[in-house]
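Next come a sequence and a model predicted from it.
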Amino acid sequence: MKATIVLLFVLFSMVLPAQTIISGTVTDRKGQPLPGANVYLRGTYDGASADKAGNFNFTTQKDGEQVLVVSAIGFHTYEMAIYCNGAIKQDVQLKETISELNAVNITAGAMEASDEKRSVVIKPLDIVTTSGALGDIAGALNTLPGTATVGNDGRLFVRGGDATETAIFFDGLKVSNAYGASTSGVPTRTRFSPQLFKGTFFSTGGYSAEFGQALSSVLVLNTVDMPVRSQTDISLMTVGGGLAHTQTGDRTSGSLSVSYTDLKPYQAIIPQDFDWQRAPFSFAGEGQLRHKIGKKGLVKGFYSHQRSGLDIWQKVPGEEGRGQHIQIANRYHFGNISLKQSLSDKWLLEGGSSLSFNTDKLEIDTLPLERQKDLAHFKVKATYFHNDRLHLVSGAEHFVQDYREAQPEQKLKRSFRGNLTAAFSELNYYFSSDWAVRAGLRAEVDALNHNSYVSPRLSTAYKLNTKSQLSLAYGRFNQDAEDSYRILEQGLEHTIARHYVFNYLFTKAGYTLRAEAFYKDYDRLITVNSLGMPANQGYGWARGLDVFFRDQETLKNTDYWITYSLVDSKRRYDAYDELVQPSFAPRHNVAVVAKHFVSSLKSQIGGSWNWNDGLVYHNPNEGSGQNSKTPAYSNLSVSWSYLHRQNVILHAAVTNVLGRNNIFGYRYADTPDASGSFPSLPMTQGAKRFFFIGLFITLSDDKKANQLNNL
Amino acid sequence: MKVISIAFALILGFGFTSVAQEGAYTEAMQTNIKAMKDASGTQDYQAVANTFSRISKMNSSEWLPAYYTGFVYVIMSFQSGLTDDERDAYLDIAGKYADQAAGISENNSEIIALQGYVKMAELSVKPAIRGPFMSGTIMKLFGKAMELDPENPRAMLLMGRMKYGTAQFFKSGTEEACALINGSLKLFEKEHDRGILPHWGKPMAEQVSKSCNSSQE
């Protein structure tokens, strides 16, 4: 009996039920049809794709309660219960998803160089293939809008701000003394090779609440996550050489590199205008370890040790002889460990710490001096993804800073320790894929001056159409006073800036046009009185606009960009008791970069031209203030990279090919001579031109790798 | 007796339904693979991809439906008239399906070759920009696919195409690339009756092989 029932049941289940026809139209919220939408009954093979008009129709043998599922690329999947009983007509509207590919990106102030898919103004490779930069990150960024080239300094100067107003981060963690040790008038370089980084985020204003202790700008350098192959790199250059090896595994990879640079042989051949006792030299050793944890987690560790030195005579205005003798020996350690782990689909946790130790041993004439700066940065950041429209980033960080100065001969010492704790929180919200807003707040407590600071940040972006968008940003920024001032007065307040940035961005296959207007006001800048004591009595402003145009399309195998930045800036700072144009803020700045690939020669030929209308300076013979200006600065550089084989590259570059005699200002004697005027000396370039030749060889299993990234 | 007949009926019933499902899966795959071969134009390919995607949801332990969904999205990304962003959007989905297949069947030469193919298509969207940092990963994937199954003609063909493209970019010799492409043709000759297993690529190999021969003459 029971068997019969079972048998009947089995047989019944095989009987074909009645057909149901399901049809309808799939559209978006605006009523536009969505061709290609996938419409089906859950748990069955039954379904269809929407046609050009968004219409679908299919039949099913199922009956009763079923779930109709509709999905389409770029839209949330829609599910609804239906009852199959012959014929169903069901129209469906889908809601758009916000994804990296379609969402507007807040671009006010920001220039991102990334290999990620979203449109960016420049790419990491651009940084290393810019002629004239000679592989220096700051040198390449100096061809971007908002920057000013100060040729005898080498650091980044952003929108009327001095070089200390740009903070540099390495995998999200602060780097102290990111530039090599140098002395006044001798340009420096960024300590880190651009090949370490897969992406660079450079902001010239209005940046997120995640970044503090930066008055004008942040430069965020993100290292390569996992190298793809094991390889050995050898570089032989006119100024030194290097050896690096990378070993990769499935979950772990490591690399080691050593390099030695010495300008002595070069300077023996090429005459120099500077009076070198010992040409600059440096040794660097680096190690990197990366390890994957689980599916998405990653730990990265990095350590770098550098030793460098130089010995130079600098003429003193109004005096005979070689002048002042300056000797520098620098030791630098930087270590960084960072972690990234997804706790779930909703939570992403990032954190880490960095340590920078910098020791300068100087000898000025015969007086030995020691300077030590150590910085520790601890940071933790959590991102909560509520849905595709809303995510919240919150974090906390702590900085410990030690600064010491000593005159060993006279047994004089002074030092201070700074402790700064910060917390930040930022809300990112998309009203639609066309309109985004970011609102953040940052709070800092400074244990040294016993003050606290609250900085709001707000920015928004709106997509006008598929090619153009507008962004606005506002923010309040604070930064502690420079060490050389704080050692004298530890109660100094943080300097303050407020940024207002308005950005327009137009992108079309191969073309980018970016225009930005900004206003920045400064408060509590450091002034120095006649006794040399600092106070927060300065203030000022910078305003202007910049335009960036890049074209990779019009000329075959050619990529070029043109940048113009206007900066109108005045500030009361240092010893000035009135508003003056700062000596590091030229008014008109132009950069042109071009790269042309000649496939018949297997070569990339590049050129870059940096120009500004001159730097202002104080001439004591002409009264007070910044009363004089140098002639315009101009530097045309060319480079040639030749791919001998895929793994052998020859690179040659010449800076300032035209041999222009650039002057960066004048130094004046402290006292007037017999005729009553102050004797002066121009601040010039170390040499008219710099010649560079390098051979880069990569050895790897697949022989395809090259060091294109090193150039 | 009763007990036996119940048991018998149950076994028969279950067995029958599972065979029926198996049959329905194979049949659905066969029908759609045929539709894929006949497809032309984005509309057709989207319908084919949708069907493969539906089959993958029904048969979540089978790697082939996800594999084919990813493969069809790669084909769609090569359709003319698309913007770079649109091509990237297709390849984004292709990559997700290829990864889904890889999650079902580990160390599968065909799937790893497809993962490399997706990345190679991504590279081709912006070769000058993506080439330097993506080519290493792609070669590694094709290399692994060839290692796992030296008889897989698709892995060898794709490796050959990748090397061919690189050689053209650097103006260096295409001998190594062409040897791989011609080698894949030999493997294709040996490939018969694959059923619903991947068996695409022979016309592509013949075409690339032609340009190899003409460039060497």
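In hand now; what should we look at?

what about residue B:123, distance to residue B:136?
To residue B:136, residue B:123 is 11 Å away according to CB to CB, to the nearest Å. For glycine as for every other residue, the C-beta is placed from the backbone atoms N, C-alpha and C.

what about these two, which has more around it?
residue B:123 (22 against 18; other CB atoms under 10 Å in any protein chain shown).

for chain A, what are the low-confidence residue spans?
Counting by pLDDT under 70, the ranges of chain A that qualify are A:1-17, A:113-125, A:127-128, A:701-711.

repeat for chain B
Looking at chain B by pLDDT under 70, you get B:1-22, B:215-217.

just checking, residue A:126 touches residue A:140?
Yes. In this structure residue A:126 lies within contact range of residue A:140 using CB atoms under 8 Å: 7.2 Å.

out of these two, which sits in the more crowded spot?
residue A:140 (26 against 22).

what kind of secondary structure is that one in?
helix (DSSP: H, G, I helix; E, B strand; the rest coil).

Surely it is in contact with residue A:189?
No. If you go by CB under 8 Å, residue A:140 and residue A:189 don't touch, sitting 11.3 Å apart.

Please identify the buried residues of stretch A:66-82?
Using 16 or more other CB atoms under 10 Å in any protein chain shown as the test for burial, stretch A:66-82 gives A:66, A:68-75, A:78.

Next, the closest residue to residue A:198 other than its chain neighbours: phi, psi?
Counting by CB to CB, 6 or more residues apart in numbering or on different chains, residue A:198 lies nearest to residue A:224, which is 4.5 Å off, once chain neighbours are set aside. The phi and psi values for residue A:224, taken as degrees, to the nearest 10, are phi -60, psi 140.

do residue A:321 as well
phi 90, psi -170.

That one: neighbouring residues, count only.
8.

so how far is the lengthiest strand in chain A from its chain's centroid?
In chain A, with assignment by DSSP state E, the single longest strand is strand A:412-432. Chain-centre distance of strand A:412-432: 18 Å, with CA atoms, centre = their mean, to the nearest Å.

Which neighbours in the sheet does that strand have, and how are they oriented?
strand A:390-407 (antiparallel), strand A:435-446 (antiparallel) (DSSP bridges).

out of these, which comes closest to residue B:69?
strand A:390-407 (28.8 Å; CB to CB).

Which positions in the closest one come out as buried?
With burial defined by 16+ other CB under 10 Å, the residues of strand A:390-407 counted as buried are A:391, A:393-401, A:403-406.

circling back: what's the distance between the residue nearest to residue A:198 and residue A:356?
Counting by CB to CB, the gap from residue A:224 to residue A:356 is 21 Å.

the more surrounded of these two?
More neighbours surround residue A:356 than the other of residue A:224 and residue A:356, with 24 against 21 (other CB under 10 Å).

Neighbours of the residue nearest to that one when sequence neighbours are not counted, how many?
Closest residue to residue A:356 apart from its sequence neighbours, by CB to CB, 6+ apart: residue A:176 at 3.8 Å. Burial of residue A:176 is recorded as 21 neighbouring residues (other CB under 10 Å).

Pull up the pairing partners for the strand or helix carrying residue A:544, direction included.
With secondary structure defined by DSSP states H and E, residue A:544 is part of strand A:534-551. Using DSSP bridges, strand A:534-551 pairs in its sheet with strand A:511-528 (antiparallel), strand A:558-572 (antiparallel).

Now do the contacts for the nearest residue to residue B:65 once chain neighbours are set aside.
Ranked by CB to CB, 6+ apart and with sequence neighbours excluded, the top spatial neighbour of residue B:65 is residue B:56, at 3.5 Å. If you count contacts by CB atoms under 8 Å, 6 or more residues apart in numbering or on different chains, residue B:56 has them with B:62, B:65-66, B:69, B:97, B:100.

Go ahead and report the secondary structure state at residue A:153.
Residue A:153 is classified as coil under three-state DSSP.

who's in contact with it?
Per CB under 8 Å, 6+ apart, neighbours of residue A:153: A:163, A:187-188, A:584.

what do you get if the cut-off is 7 Å, keeping everything else the same?
Going by CB atoms under 7 Å, 6 or more residues apart in numbering or on different chains, residue A:153 touches A:163, A:187.

in the longest strand of chain A, what's buried?
Buried residues in strand A:412-432 (16+ other CB under 10 Å): A:416, A:418, A:420-430.

now stretch A:277-297
A:279-282, A:284, A:286, A:288, A:290-292.

what about residue A:164, distance to residue A:532?
In terms of CB to CB, residue A:164 sits 18 Å off from residue A:532.

who has more neighbours, these two?
residue A:164 (15 against 9).

so how far is residue A:693 from the closest residue to that one other than its chain neighbours?
Nearest residue to residue A:164, sequence neighbours excluded (CB to CB, 6+ apart): residue A:482, at 5.7 Å. Taken as CB to CB, the spacing of residue A:482 relative to residue A:693 amounts to 38 Å.
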